[in-house]
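Chemist: coords please:
(chains A, B and C)
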Amino acid sequence: MIVPRSFFARPSLEVARALIGMRLVRDDVVVRITEVEAYGGPADSASHARHGRTTRNAPIWGPPGHVYMYLCYGLHQMLNLVAGARAGDGHAILVRGGEVLAGLDTVLARRRASAASPALLAGPGKLAQGLGLDLAFSHHDVCAPGGLELHEGDGVVRVLAGPRVGIDFAAPRDRRAPLRFALAGSGAVTELATLAAPRRAGRARTPRRPA
DNA sequence: AACACGATGGACT
DNA sequence: GTCCATCGTGTTA
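Modeler: Model prediction:
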C-alpha cells in the first residue's frame, strides 16, 4: 500500500520518526527503512535549506513526498524525502539505512557484494546504491506508482533517537538535537552508540552515572 | 574564474 | 583508530 501524500504534510521531525519501519520499493527490491535524519528548513544550520533556494536544493522547496537527491564527497548519492506542511517549507528527511526484504540478488549486484549482511545498506550512500538511485531521481514522487515508491510498514515499532551524523560544521544546538531515528534491534544502523530510547514521560529520571 | 569543502565509505594500521 | 578518493556546489573575487 503506497503511503498517501498527506503523510508528508507535517514537519520533518514527525515524518522522520514515522518513516522507521516503512518500506522503499523499486521494482523487485523491497527495503525496510531502519535509520533516518530530519532536516528542518532554513533555520536548521545543518540543512541544505540553510542558504535558501539554490540550483542544487530546488527539490526540497517543492511538493512533499518528492525526492531530493544530492552528491556527497563527489561520489555518494544521498536519498532525501521532502516533507513539510506546505510546499516551500524546505523540510527533508535523509534516509540513512535499511534492510533488504526482497530482491537481494539485485541489491547484492548493485553493491558489488557477495553475501547479505546487516551492513549491506547501513549508511546513506549504501542505501541509495542498493536501490540504484542517482541524481536523476530528484523530483520523483514516491507517493505515485512507478519508479521508487514508499509503502506502509508493519505498524508499531520501537524507535531510538540521537544526534545526526557528519554535521560538525553546524551550530552546536543543531549538532546535538536528537533528529536521527533508528529501528531498535536492527543491525542496519550506523553510530548506534549515540542512540537511545526516548525517556518515557512520568518515569523517574535515572542518574547518568552512579553517585 | 578560482577555491574550499562536504548530511561518506572502504581499505588499512 | 587513520587515510583518502572524487566532484558539484556555494562562496568569494
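
Chemist: which residues touch residue A:106?
Modeler: A:27, A:28, A:29, A:132 (CB atoms under 8 Å, 6 or more residues apart in numbering). For the C-beta atoms, the positions are set from N, CA and C on the backbone; glycine is no exception.

Chemist: now intersect those with the strands, please.
Modeler: Counting by DSSP state E, the part of those found in strands is residue A:29.

Chemist: dump the contacts of residue A:106 into TSV; add pLDDT as well.
Modeler: Below are those laid out as TSV (pLDDT from 0 to 100):
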residue	pLDDT
A:27	96
A:28	96
A:29	98
A:132	97
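
Chemist: so which of the contacts of residue A:106 is the most crowded?
Modeler: residue A:29 (22 neighbours; other CB atoms under 10 Å).

Chemist: closest one of the contacts of residue A:106 to residue A:105?
Modeler: Proximity of the contacts of residue A:106 to residue A:105 was ranked by CB to CB; the top entry is residue A:28 with 8.6 Å.

Chemist: how about that closest one: what's its closest non-neighbour residue?
Modeler: Excluding its sequence neighbours, the residue lying closest to residue A:28 (CB to CB, 6 or more residues apart in numbering) is residue A:103, at 4.1 Å.

Chemist: next helix or strand past the helix or strand of chain A with the lowest mean pLDDT?
Modeler: One helix or strand of chain A scores below all others by mean pLDDT, DSSP states H and E: helix A:172-176, with a mean of 93. As assigned by DSSP states H and E, the chain's next helix or strand after helix A:172-176 is strand A:180-183.

Chemist: ok, the contacts of residue A:106 vs residue A:7, which is closest?
Modeler: residue A:29 (21.1 Å).

Chemist: beta partners for that closest one?
Modeler: Note on residue A:29: beta-bridge partners residue A:26, judged by DSSP bridges.

Chemist: cool, and residue A:81?
Modeler: residue A:67, residue A:93.

Chemist: what's the distance between it and DNA strand C?
Modeler: 18 Å (CB to the nearest atom of the strand, to the nearest Å).

Chemist: do I have it right that that residue meets residue A:142?
Modeler: Yes - the criterion here is CB atoms under 8 Å, and residue A:81 meets it with residue A:142 at 6.4 Å.

Chemist: which one of these two has more residues nearby?
Modeler: Counted by other CB under 10 Å, residue A:81 and residue A:142 do not tie: residue A:81 has more neighbours, with 30 against 24.

Chemist: so what secondary structure elements neighbour the least confident helix or strand of chain A?
Modeler: If you count contacts as 3 or more CB pairs under 8 Å, 6 or more residues apart in numbering; DSSP states H and E, helix A:172-176 packs onto no helix or strand.

Chemist: and it, which residues are buried?
Modeler: residue A:174 (16 or more other CB atoms under 10 Å).

Chemist: so which bits of chain A are right by DNA strand B?
Modeler: A:37, A:39, A:46-49, A:60, A:71-76, A:78, A:80, A:92, A:94, A:111, A:123-127, A:164-167, A:169, A:190 (CB under 7 Å from any atom of the strand).
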